[in-house]
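Below are the sequence and a predicted model for it; my questions follow.
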Amino acid sequence: MLKVLRTTTRLGLYQARWNSTASPSLPPLLATLKADLKTAMRAKDTDRLNVIRALISETNNSQKTASPIQTDLQLLALIRKRAAASRDSIQQFVDANRPDLKEKEEKAQAILEEYGNQVQTMGADEIKQIVSEQVNKMKAAGTKVEIGLVLKSLFAPGGALDGKPAERSEVAKIAKETVSAA
C-alpha cells in the first residue's frame with residue numbers, strides 16, 4: 001500500500017550547504033594583477049598581458065602544491081625569481097646577438113620590477129634593530145647564538161618578525177652580520 005515518506009532529512013536539517021563557494025582571501029598584489037589583466041586586455045598591451053598571465057598562472061599552480069602563495073611576500077619572491085630569470089635570458093640574448101628578443105625580455109623585466117616595487121617590506125634599519133635585540137636576548141639568556149637559531153626564534157610563531165613584511169633573505173644577511181660581529 002502507501003508508505004508514508006519521512007519529511008525530515010538527516011539531523012533535522014532541511015537545507016544544508018555542504019560546499020562553500022567562499023574563496024580564501026587574495027593577497028592585495030594578486031588582486032591588483034587580476035585587475036591589471038583586464039586593463040591590459042582592453043588596451044591590447046601584449047607585453048604586460050603575457051607577464052601578468054604568467055604570474056597568475058604560476059600563482060594558481062602553486063595552489064596545488066604544498067606551499068601555496070598566500071601573501072604578498074610570497075608573490076614578491078615569485079616576481080623576483082622571474083625577474084632574475086629574465087636577466088639571465090637578456091644576457092643570453094645579448095650573447096646570441098638577438099636584439100629583438102632582448103628588447104622583448106627587457107620590457108618584461110621592467111613590468112616585473114614595477115610589480116615588485118609595489119610590495120612594501122620592512123627597512124634594513126628596522127630589521128637590524130630587531131635582530132640585534134634578539135641576539136642580545138639570547139646572550140642574556142645564555143643561549144648559544146647561531147644564525148639558524150636566531151632566524152628560527154625571529155620567524156617562529158610569536159617571534160619578533162612573525163607575520164611582518166620582512167624578506168627572509170635580507171633578515172638572514174643582517175643576522176649573519178650581527179652574529180659575526182657579536
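Received, thanks.

quick one: contacts for the residue nearest in space to the middle of the chain?
By CA atoms, centre = their mean, the chain has its centre lying nearest to Gln74, at 1.3 Å. By CB atoms under 8 Å, 6 or more residues apart in numbering, the contact list for Gln74 reads 27, 67. Backbone N, C-alpha and C define where each C-beta goes, glycine included.

helix/strand/coil for it?
helix (DSSP: H, G, I helix; E, B strand; the rest coil).

got it, and Thr121?
coil.

quick one: it and Leu73 touch, right?
Yes: contact criterion CB atoms under 8 Å: Thr121 and Leu73 qualify, at 7.3 Å.

Among those two, which residue is more densely surrounded?
Neighbours were counted for Thr121 and for Leu73 using other CB atoms under 10 Å; Leu73 has more, 18 against 15.

shouldn't the more buried one be in contact with Pro165?
Yes: under the criterion of CB under 8 Å, Leu73 makes contact with Pro165 at 6.0 Å.

Output the contacting helices and strands for the helix or strand harbouring Glu103.
When elements are assigned from DSSP states H and E, Glu103 belongs to helix 99-116. Under the contact criterion of 3 or more CB pairs under 8 Å, 6 or more residues apart in numbering; DSSP states H and E, helix 99-116 touches helix 28-43, helix 46-62, helix 72-95.

Now do the SS call for Pro157.
Going by three-state DSSP: Pro157 is coil.

Near it, how many other residues are there?
Counted with other CB under 10 Å, Pro157 comes out at 6.

which intervals of the chain have sub-threshold pLDDT?
Scanning the chain for pLDDT under 70 picks out 1-24, 182.

Can you give the domain ranges for it?
28-118, 124-181 (the TED database).

sorry, back to before: tabulate the helices and strands packed on helix 99-116 (JSON lines), appending distance to Leu149.
Shown next, in JSON lines, are the helices and strands packed on helix 99-116 (distance: least, CB to CB, whole Å):
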{"stretch": "helix 28-43", "distance to Leu149": "32"}
{"stretch": "helix 46-62", "distance to Leu149": "29"}
{"stretch": "helix 72-95", "distance to Leu149": "22"}
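
rewinding a little: what's the overlap in contacts for Thr121 and Leu73?
Joint contacts of Thr121 and Leu73 (CB under 8 Å, 6+ apart) are 165, 167.

and Ala40, what does it touch?
Counted by CB under 8 Å, 6+ apart, Ala40 has contacts 48-49, 52.

How much space separates it from Ser86?
The gap separating Ala40 from Ser86 is 18 Å, by CB to CB, to the nearest Å.

Then Ser180?
On the measure of CB to CB, Ser180 and Ser86 end up 33 Å apart.

Equivalent analysis for Ala35, please.
In terms of CB to CB, Ala35 sits 23 Å off from Ser86.

between those two, who's got more neighbours?
Comparing Ala35 with Ser86 by other CB under 10 Å, the one with more neighbours is Ser86, at 20 against 11.
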